[in-house]
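Student: What follows is a predicted protein model with its sequence.
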Amino acid sequence: MVHAQAMSDVDRCELEPDEARRQNVEAVDRLLCALRRRRPWVVLVSSDYVFDGLKGSPYDEQDEPGPVSVYGATKLEAERLALGYPRSTIVRPSTIFGPGRKNFCDRIVELAVQGREIEAFHDQTTSPTYSQDLAEGIEGVIGALRGPRAGRLPRILHITSAGRCRRVEFARRVLEYLGAPDRLVKPIAMAEQHRPAKRPPYSALTSRHLSAVIGRELRSWEDALHAYLRHHHRSAFAGERASG
């Protein structure tokens, strides 16, 4: 089974740490306790925010976590609970975009369509990950867990679209695909928004193991972003308007 539920609003977690712990830690603990008798495989979806962002290059599965926010700390605590359960795999994505949940990409599209200014961090680097690609990666992991190598697979896997970028670069690429003017993007520092939770300045991920486990790497974040905009924001997508 896949456990992906979480309180993922980073600022809300900082303001409501008890609730964050209930949803991100205690819920995982109760789930694992309930499953101990039958012991099915569990895939726990974690986060790049378990890292402090000071490495300055992509984190792999062997890097030591060091969260700087309540959200990151609760996700790391959930990981440690999962590692105490004998049949679990931890999956860490980064900066998810896709349908069905509020995300940075959709906000950029909304503001661009309105011709409004888009603030984007110039000092935060991540690995933007399309939820569809993440789901396909997890599906590949589940397939491997059903095979003869299950007991020898890594306990932690990073699953992200290939590559990395600063938030401001991501925003500019969205506008490029939409055919919107680049001048709408306003680069800002994270500190300028005075948010409750601290963010890691560099939380891009890479994997030592993913391609060996699922037989391939995920496509680049640019290709994934292009596909998402084309299929889910067709009215705003420049290519669709040009061909319509």
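Tutor: Alright, I've got the coordinates.

Student: From now on I want contacts and neighbour counts done on CA atoms only, so please keep to that.
Tutor: OK.

Student: how about the helices in this protein?
Tutor: Under the criterion DSSP state H, the chain contains helices at 10-15, 17-21, 27-35, 70-83, 104-113, 131-145, 167-178, 210-214, 221-232, 238-243.

Student: And the residue nearest the centre of this protein?
Tutor: The residue lying closest to the centre of the chain (CA atoms, centre = their mean) is residue 94, at 2.6 Å.

Student: Run through the protein and note the low-pLDDT ranges.
Tutor: 239-244 (pLDDT under 70).

Student: Make a markdown table out of the helices of the chain and add distance to residue 58 and mean neighbour count.
Tutor: Listed next are these as a markdown table, based on distance: least, CA to CA, whole Å; neighbours: other CA atoms under 10 Å:
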| stretch | distance to residue 58 | mean neighbour count |
| --- | --- | --- |
| helix 10-15 | 21 | 18 |
| helix 17-21 | 27 | 18 |
| helix 27-35 | 27 | 15 |
| helix 70-83 | 17 | 23 |
| helix 104-113 | 21 | 18 |
| helix 131-145 | 18 | 18 |
| helix 167-178 | 15 | 21 |
| helix 210-214 | 15 | 17 |
| helix 221-232 | 15 | 18 |
| helix 238-243 | 32 | 12 |
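
Student: among those helices, which is nearest residue 185?
Tutor: helix 167-178 (6.8 Å; CA to CA).

Student: Are there helices or strands packed against the closest one, and which ones?
Tutor: In terms of contacts (3 or more CA pairs under 8 Å, 6 or more residues apart in numbering; DSSP states H and E), helix 167-178 is packed against helix 104-113, strand 118-121, strand 185-188, helix 221-232, helix 238-243.

Student: Out of these, which is closest to residue 142?
Tutor: Closest of those to residue 142 is helix 221-232, at 21.8 Å (criterion: CA to CA).

Student: How about residues contacting the closest one?
Tutor: Helix 221-232 is contacted from outside by 98-99, 127-130, 133, 161-164, 173-174, 177, 237, 239-240, using CA atoms under 8 Å, 6 or more residues apart in numbering.

Student: Export it to CSV, keeping only CA atoms.
Tutor: What follows is helix 221-232 as a C-alpha-only set of coordinates in CSV (Å, rounded to 0.1, in the frame of the first residue of the first chain):
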residue,chain,number,x,y,z
TRP,A,221,11.2,18.5,-15.5
GLU,A,222,11.0,20.7,-18.6
ASP,A,223,9.5,17.9,-20.6
ALA,A,224,7.2,17.0,-17.8
LEU,A,225,6.1,20.6,-17.3
HIS,A,226,5.4,21.0,-21.1
ALA,A,227,3.2,17.9,-21.0
TYR,A,228,1.3,19.1,-17.9
LEU,A,229,0.6,22.5,-19.3
ARG,A,230,-0.5,21.1,-22.7
HIS,A,231,-2.9,18.5,-21.1
HIS,A,232,-4.2,20.5,-18.1
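
Student: I'd like to check the angle between it and helix 104-113, please.
Tutor: 60 degrees (axes from the mean of the first three to the mean of the last three CA atoms, to 10 degrees).

Student: between the helices of the chain, which one is nearest to residue 48?
Tutor: In terms of CA to CA, the element of these nearest to residue 48 is helix 70-83, at 8.0 Å.

Student: Report the inter-axis angle for that closest one versus helix 27-35.
Tutor: 20 degrees.
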